[in-house]
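> Provided below for reference: sequence and predicted model.
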Amino acid sequence: MSCGTSQPPVNGTAPENADDAVTRGAMKAFWQGHCTTGSLQDMMLDTNAEALNEVEMPEIQAMMPDLSGLRVLELGAGIGRYTGYLAQSAAYVKSVDFIEKFIEKNREINGPVHSNIDFVCGDVMKLDLEDSSFDLIFSNWLLMYLGDAEVEQLVVRMLRWLKPGGQVFFRESCLRPSGDRKRGAENPTKYRDPIHYHHLFETARHQSGDSSAVGFELNFSRGIRTYLQLKNNPHQMCWSWKKVVLPETHQPKEAFFGFQTMRQFLDEQQYSANGILRYEKMFGRNYVSTGGPETTAEFVPMLKLQTGEQVLDVGSGLGGGALYMAENYNVDVVGLDLSTNMVHIALGRAITCQKGSVLYEVSDVTKRQFPDASFDVVYSRDTLLHIPNKAEVFKTFYRWLRPGGRILISDYCCGEGEWADDFKAYVEQRHYTLHSVPHYGQLLRNAGFLDVVADDRSKQFVDILEREIKKAKDERNELIKEFSEKDYQDLLTGWTSKVHRVNKGNQCWGLFYGRKP
(Lines give C-alpha, C1' and ligand atoms only; values in the text may rest on other atoms or scores of the structure.)
Protein backbone atom coordinates (compact mmCIF):
# COMPACT_ATOMS: atom_id res chain seq x y z
CA MET A 1 0.00 0.00 0.00
CA SER A 2 1.26 3.50 -0.81
CA CYS A 3 0.44 6.70 1.03
CA GLY A 4 2.41 9.10 -1.16
CA THR A 5 1.06 12.51 -2.13
CA SER A 6 0.56 11.29 -5.68
CA GLN A 7 -1.85 8.50 -4.69
CA PRO A 8 -5.34 8.50 -6.23
CA PRO A 9 -8.12 10.22 -4.27
CA VAL A 10 -9.61 7.98 -1.58
CA ASN A 11 -13.05 6.91 -2.78
CA GLY A 12 -12.72 9.16 -5.82
CA THR A 13 -12.48 12.74 -4.58
CA ALA A 14 -11.28 15.56 -6.78
CA PRO A 15 -7.50 16.08 -6.94
CA GLU A 16 -5.87 18.61 -4.62
CA ASN A 17 -4.72 22.00 -5.88
CA ALA A 18 -1.09 23.13 -5.94
CA ASP A 19 -1.17 24.94 -2.58
CA ASP A 20 -2.73 21.92 -0.89
CA ALA A 21 -0.03 19.70 -2.38
CA VAL A 22 2.72 21.93 -0.93
CA THR A 23 1.06 21.90 2.49
CA ARG A 24 0.50 18.16 2.41
CA GLY A 25 4.06 17.51 1.24
CA ALA A 26 5.49 19.54 4.13
CA MET A 27 3.29 17.77 6.65
CA LYS A 28 4.12 14.35 5.24
CA ALA A 29 7.85 15.07 5.32
CA PHE A 30 7.52 16.31 8.92
CA TRP A 31 5.83 13.14 10.11
CA GLN A 32 8.06 10.80 8.15
CA GLY A 33 10.98 12.44 9.92
CA HIS A 34 9.41 11.92 13.34
CA CYS A 35 7.80 8.49 13.01
CA THR A 36 11.01 6.46 13.16
CA THR A 37 9.44 3.55 15.07
CA GLY A 38 5.69 4.27 15.13
CA SER A 39 5.88 4.37 18.93
CA LEU A 40 3.72 6.28 21.40
CA GLN A 41 6.55 8.78 21.82
CA ASP A 42 6.59 9.30 18.05
CA MET A 43 2.83 9.81 18.02
CA MET A 44 2.69 12.26 20.94
CA LEU A 45 6.08 13.90 20.25
CA ASP A 46 6.85 13.67 23.95
CA THR A 47 9.53 11.78 25.88
CA ASN A 48 7.04 11.26 28.72
CA ALA A 49 4.32 9.95 26.40
CA GLU A 50 3.49 6.80 28.36
CA ALA A 51 2.74 8.67 31.60
CA LEU A 52 0.74 11.36 29.76
CA ASN A 53 -1.24 8.78 27.83
CA GLU A 54 -2.19 6.89 30.99
CA VAL A 55 -3.83 10.00 32.49
CA GLU A 56 -5.08 11.66 29.31
CA MET A 57 -6.92 8.72 27.79
CA PRO A 58 -9.60 8.35 30.49
CA GLU A 59 -10.06 12.13 30.59
CA ILE A 60 -10.74 12.35 26.85
CA GLN A 61 -12.91 9.23 26.89
CA ALA A 62 -15.07 10.65 29.68
CA MET A 63 -15.89 13.69 27.52
CA MET A 64 -17.02 11.71 24.49
CA PRO A 65 -20.68 10.87 23.85
CA ASP A 66 -22.08 7.37 24.32
CA LEU A 67 -20.63 5.36 21.43
CA SER A 68 -23.07 2.45 21.56
CA GLY A 69 -24.12 1.43 18.05
CA LEU A 70 -22.63 4.50 16.37
CA ARG A 71 -20.91 4.76 12.99
CA VAL A 72 -17.66 6.60 13.73
CA LEU A 73 -15.22 8.34 11.39
CA GLU A 74 -11.78 8.72 13.00
CA LEU A 75 -9.59 11.24 11.17
CA GLY A 76 -5.84 11.36 11.80
CA ALA A 77 -5.96 8.10 13.74
CA GLY A 78 -2.20 7.69 14.05
CA ILE A 79 -1.15 4.40 15.64
CA GLY A 80 -4.67 3.90 17.00
CA ARG A 81 -4.48 5.31 20.51
CA TYR A 82 -8.22 5.91 20.42
CA THR A 83 -9.25 3.48 17.68
CA GLY A 84 -9.64 0.49 19.97
CA TYR A 85 -11.68 2.46 22.48
CA LEU A 86 -14.00 3.72 19.73
CA ALA A 87 -14.42 0.21 18.32
CA GLN A 88 -15.36 -1.32 21.69
CA SER A 89 -18.86 0.17 21.59
CA ALA A 90 -19.33 1.58 18.10
CA ALA A 91 -21.03 -0.42 15.37
CA TYR A 92 -18.41 0.62 12.81
CA VAL A 93 -15.20 2.68 12.78
CA LYS A 94 -13.47 4.05 9.67
CA SER A 95 -9.95 4.85 10.89
CA VAL A 96 -7.97 7.15 8.57
CA ASP A 97 -4.34 8.31 8.61
CA PHE A 98 -1.98 9.36 5.80
CA ILE A 99 1.23 7.89 7.29
CA GLU A 100 1.52 4.25 6.26
CA LYS A 101 3.67 3.27 9.24
CA PHE A 102 1.02 4.65 11.61
CA ILE A 103 -1.97 2.99 9.97
CA GLU A 104 -0.14 -0.35 9.78
CA LYS A 105 0.71 -0.10 13.48
CA ASN A 106 -2.94 0.67 14.17
CA ARG A 107 -4.01 -2.37 12.16
CA GLU A 108 -1.47 -4.53 14.02
CA ILE A 109 -2.72 -3.40 17.44
CA ASN A 110 -6.48 -3.18 16.86
CA GLY A 111 -7.23 -5.32 13.83
CA PRO A 112 -7.01 -8.71 15.59
CA VAL A 113 -9.22 -7.47 18.44
CA HIS A 114 -11.97 -5.62 16.58
CA SER A 115 -13.62 -6.75 13.36
CA ASN A 116 -15.63 -3.53 12.96
CA ILE A 117 -12.70 -1.29 11.95
CA ASP A 118 -11.98 -0.22 8.38
CA PHE A 119 -8.32 0.91 8.23
CA VAL A 120 -7.68 3.51 5.51
CA CYS A 121 -4.29 4.91 4.57
CA GLY A 122 -5.21 8.17 2.92
CA ASP A 123 -5.39 11.95 3.04
CA VAL A 124 -8.41 13.34 4.88
CA MET A 125 -8.68 16.07 2.25
CA LYS A 126 -9.18 13.42 -0.44
CA LEU A 127 -11.91 11.46 1.29
CA ASP A 128 -15.15 11.11 -0.66
CA LEU A 129 -17.80 9.84 1.74
CA GLU A 130 -21.55 9.63 1.50
CA ASP A 131 -23.56 12.44 3.02
CA SER A 132 -25.20 11.66 6.38
CA SER A 133 -23.21 8.46 6.81
CA PHE A 134 -21.66 8.91 10.28
CA ASP A 135 -22.94 9.59 13.80
CA LEU A 136 -19.62 10.82 15.19
CA ILE A 137 -16.45 12.28 13.70
CA PHE A 138 -13.46 12.05 16.04
CA SER A 139 -10.02 13.55 15.56
CA ASN A 140 -7.05 14.03 17.85
CA TRP A 141 -4.34 16.47 16.74
CA LEU A 142 -5.37 16.68 13.09
CA LEU A 143 -6.46 20.20 12.14
CA MET A 144 -3.17 21.78 13.19
CA TYR A 145 -1.56 19.80 10.37
CA LEU A 146 -3.87 21.31 7.72
CA GLY A 147 -3.71 24.68 6.03
CA ASP A 148 -6.29 27.35 6.91
CA ALA A 149 -8.26 26.88 3.69
CA GLU A 150 -8.17 23.11 4.14
CA VAL A 151 -9.59 23.31 7.65
CA GLU A 152 -12.41 25.50 6.40
CA GLN A 153 -13.19 23.01 3.64
CA LEU A 154 -12.99 20.01 5.95
CA VAL A 155 -15.40 21.55 8.48
CA VAL A 156 -18.06 21.88 5.77
CA ARG A 157 -17.42 18.32 4.62
CA MET A 158 -17.90 17.14 8.20
CA LEU A 159 -21.34 18.73 8.10
CA ARG A 160 -22.13 16.73 4.99
CA TRP A 161 -20.78 13.44 6.33
CA LEU A 162 -22.64 13.61 9.64
CA LYS A 163 -26.16 12.36 10.11
CA PRO A 164 -28.71 14.85 11.51
CA GLY A 165 -27.86 15.32 15.16
CA GLY A 166 -24.41 13.80 14.63
CA GLN A 167 -21.45 15.15 16.55
CA VAL A 168 -17.83 16.18 16.00
CA PHE A 169 -15.31 15.76 18.81
CA PHE A 170 -11.82 17.06 18.15
CA ARG A 171 -8.73 18.03 20.11
CA GLU A 172 -5.91 20.39 19.11
CA SER A 173 -2.73 22.01 20.37
CA CYS A 174 -3.39 25.75 20.47
CA LEU A 175 -0.83 28.55 20.67
CA ARG A 176 2.05 26.20 21.57
CA PRO A 177 3.24 22.59 21.16
CA SER A 178 2.03 19.80 23.41
CA GLY A 179 5.18 17.69 23.75
CA ASP A 180 8.87 18.20 24.52
CA ARG A 181 10.33 16.49 21.46
CA LYS A 182 12.22 18.91 19.23
CA ARG A 183 10.36 19.55 15.99
CA GLY A 184 13.11 21.27 13.99
CA ALA A 185 13.22 24.57 12.14
CA GLU A 186 10.87 23.33 9.41
CA ASN A 187 7.99 22.49 11.74
CA PRO A 188 4.86 23.21 9.63
CA THR A 189 2.39 22.71 12.52
CA LYS A 190 -0.16 25.50 12.95
CA TYR A 191 -0.73 26.25 16.64
CA ARG A 192 -3.83 28.32 16.11
CA ASP A 193 -5.68 30.51 18.54
CA PRO A 194 -8.62 28.46 19.91
CA ILE A 195 -11.04 31.22 18.95
CA HIS A 196 -10.11 30.53 15.30
CA TYR A 197 -11.50 27.00 15.51
CA HIS A 198 -14.55 28.25 17.33
CA HIS A 199 -15.30 30.75 14.56
CA LEU A 200 -14.80 28.20 11.78
CA PHE A 201 -17.25 25.72 13.23
CA GLU A 202 -19.80 28.31 14.36
CA THR A 203 -19.98 29.91 10.90
CA ALA A 204 -19.87 26.70 8.82
CA ARG A 205 -22.97 26.13 6.65
CA HIS A 206 -24.19 23.44 4.29
CA GLN A 207 -27.39 23.13 2.27
CA SER A 208 -28.82 19.66 2.93
CA GLY A 209 -30.78 17.55 0.46
CA ASP A 210 -34.14 18.91 1.60
CA SER A 211 -32.85 22.49 1.05
CA SER A 212 -32.64 23.23 4.76
CA ALA A 213 -29.44 24.88 6.01
CA VAL A 214 -27.41 22.94 8.55
CA GLY A 215 -24.62 24.11 10.83
CA PHE A 216 -22.87 23.29 14.08
CA GLU A 217 -24.09 24.04 17.59
CA LEU A 218 -21.46 24.03 20.34
CA ASN A 219 -21.81 21.42 23.08
CA PHE A 220 -18.65 22.59 24.82
CA SER A 221 -15.02 23.50 24.38
CA ARG A 222 -12.54 23.10 27.20
CA GLY A 223 -8.93 22.52 28.17
CA ILE A 224 -7.35 19.16 28.92
CA ARG A 225 -6.74 18.90 32.67
CA THR A 226 -3.91 16.37 32.18
CA TYR A 227 -1.78 18.93 30.36
CA LEU A 228 -2.72 21.71 32.75
CA GLN A 229 -1.65 19.70 35.79
CA LEU A 230 1.34 17.78 34.42
CA LYS A 231 2.79 20.29 31.94
CA ASN A 232 1.33 23.64 33.00
CA ASN A 233 -0.21 23.92 29.53
CA PRO A 234 -3.75 25.37 29.46
CA HIS A 235 -3.84 25.42 25.65
CA GLN A 236 -4.53 21.76 24.92
CA MET A 237 -8.15 22.18 23.86
CA CYS A 238 -11.03 19.95 22.81
CA TRP A 239 -14.39 20.78 21.24
CA SER A 240 -17.72 19.00 20.92
CA TRP A 241 -20.14 20.23 18.24
CA LYS A 242 -23.55 18.96 17.13
CA LYS A 243 -25.01 19.12 13.61
CA VAL A 244 -28.31 21.02 13.72
CA VAL A 245 -30.84 22.43 11.29
CA LEU A 246 -30.56 26.22 11.35
CA PRO A 247 -33.57 28.52 11.54
CA GLU A 248 -34.72 29.81 8.18
CA THR A 249 -34.02 33.32 9.35
CA HIS A 250 -32.37 34.94 12.30
CA GLN A 251 -34.25 35.22 15.56
CA PRO A 252 -36.51 38.30 15.68
CA LYS A 253 -34.44 41.39 16.25
CA GLU A 254 -35.93 41.96 19.69
CA ALA A 255 -34.79 38.51 20.83
CA PHE A 256 -31.00 38.83 20.49
CA PHE A 257 -30.72 42.14 18.64
CA GLY A 258 -30.36 40.44 15.29
CA PHE A 259 -27.93 37.79 16.57
CA GLN A 260 -28.88 34.17 16.17
CA THR A 261 -27.78 33.06 19.64
CA MET A 262 -27.28 34.53 23.08
CA ARG A 263 -23.57 33.70 22.84
CA GLN A 264 -23.18 35.78 19.69
CA PHE A 265 -25.04 38.67 21.33
CA LEU A 266 -22.82 38.52 24.42
CA ASP A 267 -19.56 38.25 22.48
CA GLU A 268 -20.36 41.07 20.09
CA GLN A 269 -22.25 43.39 22.43
CA GLN A 270 -22.22 43.23 26.24
CA TYR A 271 -19.10 41.08 26.51
CA SER A 272 -17.03 42.24 23.59
CA ALA A 273 -13.32 42.12 24.40
CA ASN A 274 -13.32 45.85 25.06
CA GLY A 275 -16.47 45.61 27.18
CA ILE A 276 -14.98 42.85 29.32
CA LEU A 277 -11.78 44.78 30.01
CA ARG A 278 -13.81 47.89 30.89
CA TYR A 279 -15.83 45.88 33.42
CA GLU A 280 -12.65 44.39 34.84
CA LYS A 281 -11.30 47.88 35.41
CA MET A 282 -14.27 48.52 37.69
CA PHE A 283 -14.51 45.13 39.42
CA GLY A 284 -10.80 44.29 39.84
CA ARG A 285 -8.19 42.18 38.09
CA ASN A 286 -9.68 38.89 36.76
CA TYR A 287 -13.21 39.81 37.95
CA VAL A 288 -16.40 40.82 36.16
CA SER A 289 -18.89 40.48 39.02
CA THR A 290 -20.02 42.76 41.83
CA GLY A 291 -17.39 43.47 44.45
CA GLY A 292 -14.69 41.47 42.70
CA PRO A 293 -12.11 40.07 45.14
CA GLU A 294 -13.81 41.67 48.16
CA THR A 295 -17.13 39.82 47.88
CA THR A 296 -15.39 36.65 46.73
CA ALA A 297 -13.35 36.58 49.94
CA GLU A 298 -16.57 37.22 51.91
CA PHE A 299 -18.86 34.69 50.21
CA VAL A 300 -16.64 31.68 49.43
CA PRO A 301 -16.06 30.74 53.12
CA MET A 302 -19.82 30.02 53.35
CA LEU A 303 -19.16 26.93 51.24
CA LYS A 304 -16.70 25.36 53.72
CA LEU A 305 -14.63 23.98 50.86
CA GLN A 306 -12.46 20.94 51.52
CA THR A 307 -9.21 19.96 49.80
CA GLY A 308 -9.79 17.99 46.62
CA GLU A 309 -13.45 18.93 46.15
CA GLN A 310 -14.81 19.44 42.65
CA VAL A 311 -16.34 22.86 41.97
CA LEU A 312 -18.42 24.04 39.00
CA ASP A 313 -18.19 27.82 38.56
CA VAL A 314 -21.10 28.83 36.32
CA GLY A 315 -20.34 32.09 34.56
CA SER A 316 -16.68 32.02 35.57
CA GLY A 317 -15.83 35.10 33.52
CA LEU A 318 -12.14 35.95 33.70
CA GLY A 319 -11.59 33.32 36.38
CA GLY A 320 -11.04 35.44 39.48
CA GLY A 321 -13.38 33.44 41.72
CA ALA A 322 -12.23 30.09 40.32
CA LEU A 323 -8.57 30.96 40.89
CA TYR A 324 -9.35 32.19 44.42
CA MET A 325 -11.04 28.90 45.35
CA ALA A 326 -8.29 26.76 43.80
CA GLU A 327 -5.45 28.70 45.41
CA ASN A 328 -6.97 29.11 48.86
CA TYR A 329 -8.78 25.79 49.26
CA ASN A 330 -6.85 23.38 47.00
CA VAL A 331 -9.94 22.42 45.00
CA ASP A 332 -10.37 21.59 41.31
CA VAL A 333 -12.63 24.05 39.48
CA VAL A 334 -14.35 23.81 36.12
CA GLY A 335 -15.04 27.39 35.07
CA LEU A 336 -17.92 27.44 32.60
CA ASP A 337 -18.92 30.52 30.61
CA LEU A 338 -21.14 31.16 27.60
CA SER A 339 -18.91 33.98 26.35
CA THR A 340 -16.10 32.86 24.08
CA ASN A 341 -14.35 36.18 24.70
CA MET A 342 -14.34 35.68 28.47
CA VAL A 343 -12.73 32.26 28.25
CA HIS A 344 -10.35 33.38 25.52
CA ILE A 345 -8.98 36.20 27.71
CA ALA A 346 -8.77 33.93 30.76
CA LEU A 347 -6.84 31.30 28.78
CA GLY A 348 -4.54 33.91 27.30
CA ARG A 349 -3.40 34.93 30.75
CA ALA A 350 -2.53 31.31 31.56
CA ILE A 351 -2.41 31.93 35.30
CA THR A 352 -0.87 28.96 37.10
CA CYS A 353 -2.40 27.66 40.33
CA GLN A 354 0.05 26.61 43.02
CA LYS A 355 -2.76 24.56 44.55
CA GLY A 356 -5.78 22.89 42.99
CA SER A 357 -6.56 23.56 39.34
CA VAL A 358 -8.84 25.64 37.11
CA LEU A 359 -10.12 24.36 33.78
CA TYR A 360 -12.02 26.81 31.57
CA GLU A 361 -14.88 25.79 29.30
CA VAL A 362 -17.12 27.54 26.79
CA SER A 363 -20.61 26.06 26.95
CA ASP A 364 -24.26 26.84 27.58
CA VAL A 365 -25.18 25.63 31.05
CA THR A 366 -28.79 25.08 29.94
CA LYS A 367 -27.61 22.54 27.34
CA ARG A 368 -24.45 21.14 28.92
CA GLN A 369 -24.55 17.58 30.19
CA PHE A 370 -22.52 16.25 33.12
CA PRO A 371 -23.03 12.91 34.86
CA ASP A 372 -25.12 13.06 38.01
CA ALA A 373 -23.14 13.66 41.21
CA SER A 374 -20.13 15.17 39.39
CA PHE A 375 -19.51 18.12 41.72
CA ASP A 376 -19.33 19.00 45.40
CA VAL A 377 -20.13 22.68 44.84
CA VAL A 378 -21.93 24.83 42.28
CA TYR A 379 -20.87 28.49 42.46
CA SER A 380 -22.25 31.32 40.33
CA ARG A 381 -21.81 35.07 40.49
CA ASP A 382 -24.20 37.47 38.73
CA THR A 383 -24.73 35.15 35.76
CA LEU A 384 -28.08 33.38 35.98
CA LEU A 385 -29.94 36.63 35.24
CA HIS A 386 -29.38 35.64 31.59
CA ILE A 387 -31.33 32.37 32.00
CA PRO A 388 -35.13 32.47 31.60
CA ASN A 389 -35.96 29.06 33.12
CA LYS A 390 -34.14 29.17 36.44
CA ALA A 391 -36.38 26.49 37.95
CA GLU A 392 -35.11 23.97 35.42
CA VAL A 393 -31.45 24.93 35.74
CA PHE A 394 -31.67 24.64 39.56
CA LYS A 395 -32.97 21.09 39.15
CA THR A 396 -30.00 20.41 36.86
CA PHE A 397 -27.57 21.78 39.45
CA TYR A 398 -29.21 19.56 42.06
CA ARG A 399 -28.57 16.47 39.89
CA TRP A 400 -24.96 17.45 39.23
CA LEU A 401 -24.23 17.81 42.94
CA ARG A 402 -23.14 14.92 45.13
CA PRO A 403 -24.99 14.20 48.38
CA GLY A 404 -24.06 16.96 50.81
CA GLY A 405 -23.16 19.27 47.91
CA ARG A 406 -23.60 23.02 48.29
CA ILE A 407 -24.72 25.81 46.00
CA LEU A 408 -23.85 29.51 46.33
CA ILE A 409 -25.24 32.15 43.98
CA SER A 410 -25.26 35.91 43.79
CA ASP A 411 -27.54 37.41 41.19
CA TYR A 412 -29.47 40.43 40.04
CA CYS A 413 -33.06 40.37 41.29
CA CYS A 414 -36.06 42.68 41.27
CA GLY A 415 -38.27 44.30 43.88
CA GLU A 416 -41.75 42.95 44.55
CA GLY A 417 -43.52 46.17 43.58
CA GLU A 418 -44.46 47.53 40.17
CA TRP A 419 -41.53 48.17 37.83
CA ALA A 420 -40.77 51.68 36.59
CA ASP A 421 -40.65 52.16 32.84
CA ASP A 422 -36.89 52.73 32.80
CA PHE A 423 -36.34 49.45 34.68
CA LYS A 424 -38.60 47.58 32.26
CA ALA A 425 -36.58 48.98 29.36
CA TYR A 426 -33.30 48.05 31.04
CA VAL A 427 -34.36 44.43 31.67
CA GLU A 428 -35.69 44.08 28.12
CA GLN A 429 -32.59 45.65 26.60
CA ARG A 430 -30.28 43.26 28.49
CA HIS A 431 -32.55 40.27 27.90
CA TYR A 432 -32.60 39.50 31.64
CA THR A 433 -35.08 37.33 33.54
CA LEU A 434 -35.31 38.58 37.13
CA HIS A 435 -37.15 37.35 40.23
CA SER A 436 -37.63 38.80 43.68
CA VAL A 437 -35.20 37.57 46.33
CA PRO A 438 -37.86 35.51 48.20
CA HIS A 439 -39.11 33.91 44.96
CA TYR A 440 -35.56 33.09 43.90
CA GLY A 441 -35.03 31.30 47.21
CA GLN A 442 -38.29 29.39 46.75
CA LEU A 443 -37.13 28.17 43.33
CA LEU A 444 -34.10 26.64 45.04
CA ARG A 445 -36.32 24.93 47.63
CA ASN A 446 -38.58 23.63 44.89
CA ALA A 447 -35.53 22.06 43.22
CA GLY A 448 -34.87 20.08 46.40
CA PHE A 449 -32.29 22.19 48.23
CA LEU A 450 -32.37 22.37 52.02
CA ASP A 451 -31.19 25.06 54.46
CA VAL A 452 -31.84 27.67 51.77
CA VAL A 453 -30.66 31.19 52.53
CA ALA A 454 -32.12 33.99 50.40
CA ASP A 455 -30.49 37.23 51.51
CA ASP A 456 -31.28 40.64 50.04
CA ARG A 457 -27.88 42.32 49.69
CA SER A 458 -29.10 45.43 47.89
CA LYS A 459 -27.69 47.79 50.52
CA GLN A 460 -24.28 46.20 50.14
CA PHE A 461 -24.72 46.38 46.35
CA VAL A 462 -25.21 50.16 46.45
CA ASP A 463 -22.25 50.60 48.78
CA ILE A 464 -20.01 48.67 46.38
CA LEU A 465 -21.35 50.53 43.34
CA GLU A 466 -20.69 53.91 44.95
CA ARG A 467 -17.13 52.92 45.88
CA GLU A 468 -16.55 51.67 42.33
CA ILE A 469 -17.90 54.97 40.95
CA LYS A 470 -15.50 56.90 43.18
CA LYS A 471 -12.61 54.68 42.06
CA ALA A 472 -13.50 55.31 38.41
CA LYS A 473 -13.59 59.08 38.97
CA ASP A 474 -10.25 58.97 40.78
CA GLU A 475 -8.75 57.01 37.90
CA ARG A 476 -10.50 58.99 35.16
CA ASN A 477 -7.38 59.92 33.23
CA GLU A 478 -6.05 56.37 33.30
CA LEU A 479 -9.41 54.95 32.14
CA ILE A 480 -9.65 57.42 29.26
CA LYS A 481 -6.05 56.72 28.24
CA GLU A 482 -6.60 52.95 28.26
CA PHE A 483 -10.06 53.05 26.69
CA SER A 484 -11.78 56.29 25.67
CA GLU A 485 -13.83 59.19 26.98
CA LYS A 486 -16.97 57.41 25.76
CA ASP A 487 -16.02 54.22 27.59
CA TYR A 488 -15.47 56.21 30.77
CA GLN A 489 -18.83 57.98 30.48
CA ASP A 490 -20.62 54.70 29.64
CA LEU A 491 -19.24 53.09 32.80
CA LEU A 492 -20.27 56.01 34.99
CA THR A 493 -23.74 56.11 33.43
CA GLY A 494 -24.19 52.37 33.85
CA TRP A 495 -23.12 52.35 37.50
CA THR A 496 -25.10 55.45 38.53
CA SER A 497 -28.18 54.03 36.79
CA LYS A 498 -27.87 50.86 38.88
CA VAL A 499 -27.75 52.90 42.06
CA HIS A 500 -30.83 54.81 40.92
CA ARG A 501 -32.77 51.61 40.15
CA VAL A 502 -31.88 50.03 43.49
CA ASN A 503 -32.83 53.16 45.43
CA LYS A 504 -36.23 53.16 43.69
CA GLY A 505 -36.78 49.58 44.85
CA ASN A 506 -36.82 48.10 41.34
CA GLN A 507 -33.42 46.41 41.16
CA CYS A 508 -32.08 44.18 43.93
CA TRP A 509 -29.05 42.02 44.53
CA GLY A 510 -29.48 38.64 46.17
CA LEU A 511 -27.17 36.11 47.81
CA PHE A 512 -28.38 32.51 47.92
CA TYR A 513 -27.15 29.32 49.54
CA GLY A 514 -28.53 25.80 49.60
CA ARG A 515 -27.51 22.24 50.41
CA LYS A 516 -28.32 18.92 48.79
CA PRO A 517 -29.23 16.31 51.42
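All right, it came through fine.

> show me the contacts for the residue nearest to residue 374 when sequence neighbours are not counted.
Excluding its sequence neighbours, the residue lying closest to residue 374 (C-beta to C-beta, 6 or more residues apart in numbering) is residue 400, at 5.2 Å. Glycine gets a C-beta too; all of them are placed from N, C-alpha and C. Shown in contact with residue 400 (C-beta atoms under 8 Å, 6 or more residues apart in numbering): 312, 370, 372-375, 378.

> now do 10 Å
Listed by C-beta atoms under 10 Å, 6 or more residues apart in numbering, the contact set of residue 400 reads 310, 312, 365, 368-375, 378, 407, 516.

> Show me which of the residues you listed are buried.
310, 312, 365, 368, 375, 378, 407, 516 (16 or more other C-beta atoms under 10 Å).

> In this structure the second one contacts residue 358, no?
So that's residue 312. No. Look at residue 312 against residue 358 with C-beta atoms under 10 Å: they stay out of range, at 11.6 Å.

> if I look at residue 121, how far off is residue 141?
In this view, residue 121 and residue 141 are 18 Å apart by C-beta to C-beta, to the nearest Å.

> typo on my end, residue 312
From residue 312 to residue 141 the distance is 28 Å (C-beta to C-beta).

> For the stretch 51-200 of the chain, just list every one of the strands.
71-75, 92-97, 117-121, 134-140, 162-173 (DSSP state E, counting those that start in this stretch).

> what pairs with the longest one, and is each one parallel or antiparallel?
Think strand 162-173. strand 134-140 (parallel), strand 236-245 (antiparallel) (DSSP bridges).

> before we move on, the earlier item: restricted to strands, list the buried ones among the contacts of residue 400.
310, 312, 375, 378, 407 (DSSP state E).

> partner residues bridging the first one?
I take that to be residue 310. Bridge pairing for residue 310 - DSSP bridges - gives residue 332.

> Which neighbouring residues are in contact with it, exactly?
Counting by C-beta under 10 Å, 6+ apart, residue 310 touches 331-334, 373-377, 400-402, 405.

> pLDDT value on it, please?
Model confidence at residue 310, given as pLDDT, is 98.

> Quickly note the distance from it to residue 379.
11 Å.

> Quick check: neighbours shared by those two?
In contact with both residue 310 and residue 379: residue 333, using C-beta under 10 Å, 6+ apart.

> what comes up buried for stretch 132-144?
Within stretch 132-144, judged by 16+ other C-beta under 10 Å, the buried ones are 132, 134-144.

> what about the helices in the stretch 351-500 of the chain?
Using DSSP state H, counting those that start in this stretch, the helices found in the stretch 351-500 of the chain span residues 390-400, 421-430, 437-446, 458-474, 476-482, 485-503.

> Rebuild those as TSV, extending it with distance to residue 57 and mean pLDDT.
Output for these, formatted as TSV (distance: least, C-beta to C-beta, whole Å; pLDDT from 0 to 100):
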stretch	distance to residue 57	mean pLDDT
helix 390-400	24	98
helix 421-430	43	93
helix 437-446	38	98
helix 458-474	46	97
helix 476-482	45	95
helix 485-503	47	95
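
> May I see the ones you listed organised as JSON lines, with distance to residue 171 added?
Converted to JSON lines, the helices of the stretch 351-500 of the chain look like this (distance: least, C-beta to C-beta, whole Å):
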{"stretch": "helix 390-400", "distance to residue 171": "24"}
{"stretch": "helix 421-430", "distance to residue 171": "35"}
{"stretch": "helix 437-446", "distance to residue 171": "36"}
{"stretch": "helix 458-474", "distance to residue 171": "40"}
{"stretch": "helix 476-482", "distance to residue 171": "36"}
{"stretch": "helix 485-503", "distance to residue 171": "38"}
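
> Which of the ones you listed sits closest to residue 282?
helix 458-474 (5.0 Å; C-beta to C-beta).

> can you pull the buried residues of the closest one?
Neighbour count says helix 458-474 has 458, 460-462, 464-465, 468-469, 472 buried, by 16+ other C-beta under 10 Å.

> Summarise which helices and strands that helix is packed against.
helix 273-283, helix 292-299, strand 401-414, helix 476-482, helix 485-503, strand 507-515 (3 or more C-beta pairs under 10 Å, 6 or more residues apart in numbering; DSSP states H and E).

> got those as CSV, with distance to residue 89 columns?
CSV is the format used below for the helices and strands packed on helix 458-474 (distance: least, C-beta to C-beta, whole Å):
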stretch, distance to residue 89
helix 273-283, 41
helix 292-299, 42
strand 401-414, 27
helix 476-482, 53
helix 485-503, 51
strand 507-515, 37
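
> and of the buried ones among the contacts of residue 400, the nearest to residue 482?
Scanning the buried ones among the contacts of residue 400 for proximity to residue 482, where the rule is C-beta to C-beta, the winner is residue 365, at 31.7 Å.

> Now do the same contact list for the residue lying closest to that closest one once chain neighbours are set aside.
Using C-beta to C-beta, 6+ apart and skipping the chain neighbours, the partner closest in space to residue 365 is residue 314 (5.3 Å). Applying C-beta under 10 Å, 6+ apart, we find residue 314 in contact with 334-338, 363, 365, 368, 378-381, 383-384, 387, 393, 397, 407, 409.
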